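# All I have is the shape, not the residue letters:
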């Protein structure tokens, strides 16, 4: 059984879907969007709506309250190709308050020439902001894109002290 919970944040509701203590999806749009992008073996499971998901909801609360390292304590799982998996793993190593360029991300994911693929991994990230694709910016520092809108990306980076 999966759990889903809505978490209020200063930048809107954050929708969370988990398998016990493993976060499968998170985002600022809605549950329909998350389930549509999840692996069908997960999205077809029975879902229970809960007020809070143990551990995960507490860590999300801690992050928005100022503990910028709290999200690192959340276990995650999402489907994706090998390079995307490497990119998501690398993204979790970007410290709060810092940003990497797409080129930095490609290099740290093991394929320095795969800059476009690094951007694609950011776009396909199903677990934002826990896998912090908002910390990936264009070379030169321009914010680049963010699936939930530049105002959300800007807020998150300001919250973390990166802007």
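Perfect, thanks for sending it. On a predicted model such as this, the values are computed, not experimentally measured, just so you know.

# Flag every buried residue along stretch 57-65.
By neighbour count on 16 or more other C-beta atoms under 10 Å, the buried set for stretch 57-65 is 57, 59-60, 63-64. Bear in mind the C-beta positions are built from the backbone N, C-alpha and C, glycine included.

# Count the residues that sit near residue 134.
Neighbours of residue 134 under the rule other C-beta atoms under 10 Å: 28.

# thought it was touching residue 151?
No: contact criterion C-beta atoms under 8 Å: residue 134 and residue 151 do not qualify, at 11.4 Å.

# right, and out of the buried residues of stretch 57-65, which lies closest to residue 105?
The closest of those to residue 105 turns out to be residue 63 (C-beta to C-beta; 21.1 Å).

# Backbone dihedrals for the closest residue in space to the closest one that isn't next to it in sequence, please?
Nearest residue to residue 63, sequence neighbours excluded (C-beta to C-beta, 6 or more residues apart in numbering): residue 70, at 4.3 Å. Main-chain dihedrals, residue 70, degrees, to the nearest 10: phi -60, psi -40.

# ok, now which ones touch residue 70?
59-60, 62-63 (C-beta atoms under 8 Å, 6 or more residues apart in numbering).

# Quick one, grab the pLDDT at the residue nearest in space to the middle of the chain.
Residue closest to the mean C-alpha point of the chain, counted by C-alpha atoms, centre = their mean, is residue 128 at 2.0 Å. As predicted, residue 128 sits at a pLDDT of 98.

# for this protein, what spans make up the helices?
31-37, 40-43, 56-64, 82-91, 102-108, 115-124, 150-159 (DSSP state H).

# follow-up on the earlier one: which one among the contacts of residue 70 gets closest to residue 30?
The closest of the contacts of residue 70, once distances to residue 30 are taken by C-beta to C-beta, is residue 60, at 16.9 Å.

# can you tell me how far that closest one sits from residue 9?
As for residue 60, its distance to residue 9 is 8 Å (criterion: C-beta to C-beta, to the nearest Å).

# neighbouring contacts of stretch 2-20?
So stretch 2-20 is in contact with 23-31, 34-35, 38, 42, 45-53, 56-57, 60-61, 64, 77, 129, 151-152, 155-156, 159, going by C-beta under 8 Å, 6+ apart.
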